[in-house]
Structures are given as C-alpha cells and as structure tokens.
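Participant: curious how this folds, go ahead:
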Amino acid sequence: MTQKRDTQIRELPDGESHLAHEAMRALRPAQQDEQEFVNYVDGVLRPTGYRLIGAFAPEREQAAAGFRISDSMALGHHLYLEDLSTVPDRRREGHARALLEWLVQEARRQDCGQLHLDSVVGPERFDAHRFYHGNGFAIYAHHFARIL
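Facilitator: Take a look at the predicted model:
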C-alpha cells in the first residue's frame, strides 16, 4: 500500500472491482451499470491479466487505474496502462498522479523496461495529454485502428 497525503493507494482484488466503478465510468461512459462493469472486469478482463488499483480518501474512491503487465516483440516486458480516471469532482487534487507513481513503482518491481498507454485525441483530451507529458511520457508512435 502507498500513502499520498490522506489518500491510500491499493490494488483491488477480484471481489472489489465495484470500488473502481465511479471513477471508471467517468472515462468509460458505456460502463454506467455497476454490476455490468464488475462482471466485465472480473469475468472478462481479469482472466487475461488485467489488474485494478484505486486511490481512496477517507470518505470515498477518488481515482482508479486498470493495467496489465505484458510482453511483446516491439515493447519487451512492459506495463500497459489501459485506464486512468479520476472522479470528476476530485480532479486536480493529485490522485491520478499518486496512481501513476504507484504504477511506475509496480513496473519497476516487475522488471518492466517501459510503461505505455494510449490516449484518444481531441480537444476534450488536452488536459489528459498535458498530464501525461508533465509526468514523463512522450509520444513515440501513432496508434492505428480499423473498425470492422
């Protein structure tokens, strides 16, 4: 466990995924229903290596992150950050930064050489991009997709 001011960072095991729902639905609006979110995380994502952490202040969840440790030819052994979101009324209080610090330490504990994430482009994401740049991330590639 990591402490940041009065915020506690901890990993959420299977059975506690619901504690990340409020923050995650701010980033993933399709995940409005808590039980559907829990079923998807615990039944689909966790079996493939997805892990959750949360930032908690005394009164409630502040932020959450979903990630996995992976290997690939292009990236080697790395931590991939899939989701990072803060409850809207608790943004700019350092919760996402505390989660990111925890993730960097976890990547080091797991002997990862890199930490990666993708972030959608558009004006509504400029604050997130500034946050990533301000925390040591750089743009190294374009991510291409094809809708099927």
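
Participant: go through the longest helix belonging to the chain and flag the buried ones.
Facilitator: As assigned by DSSP state H, the longest helix anywhere in the chain is helix 95-109. Buried positions in helix 95-109, judged by neighbour count with 16 or more other CB atoms under 10 Å: H95, A96, R97, A98, L99, L100, W102, L103, E106, A107. C-beta here means a position set from N, CA and C on the backbone, and glycine is covered the same way.

Participant: the third one touches G136, doesn't it?
Facilitator: No - the pair R97 and G136 fails to qualify as a contact (CB atoms under 8 Å) at a distance of 11.2 Å.

Participant: can you list the weak-confidence ranges in this protein?
Facilitator: Low-confidence segments of the chain (pLDDT under 70): 1-5, 59.

Participant: tell me which stretches of this structure form helices.
Facilitator: 21-27, 34-40, 95-109, 126-134.

Participant: quick one, strands of the chain?
Facilitator: Here the chain has its strands, by DSSP state E, at 2-4, 7-12, 51-56, 61-72, 76-86, 114-117.

Participant: give the other helices and strands that the second one contacts.
Facilitator: Spelled out, it's strand 7-12. When contacts are defined as 3 or more CB pairs under 8 Å, 6 or more residues apart in numbering; DSSP states H and E, strand 7-12 sits against strand 2-4, strand 51-56, helix 95-109.
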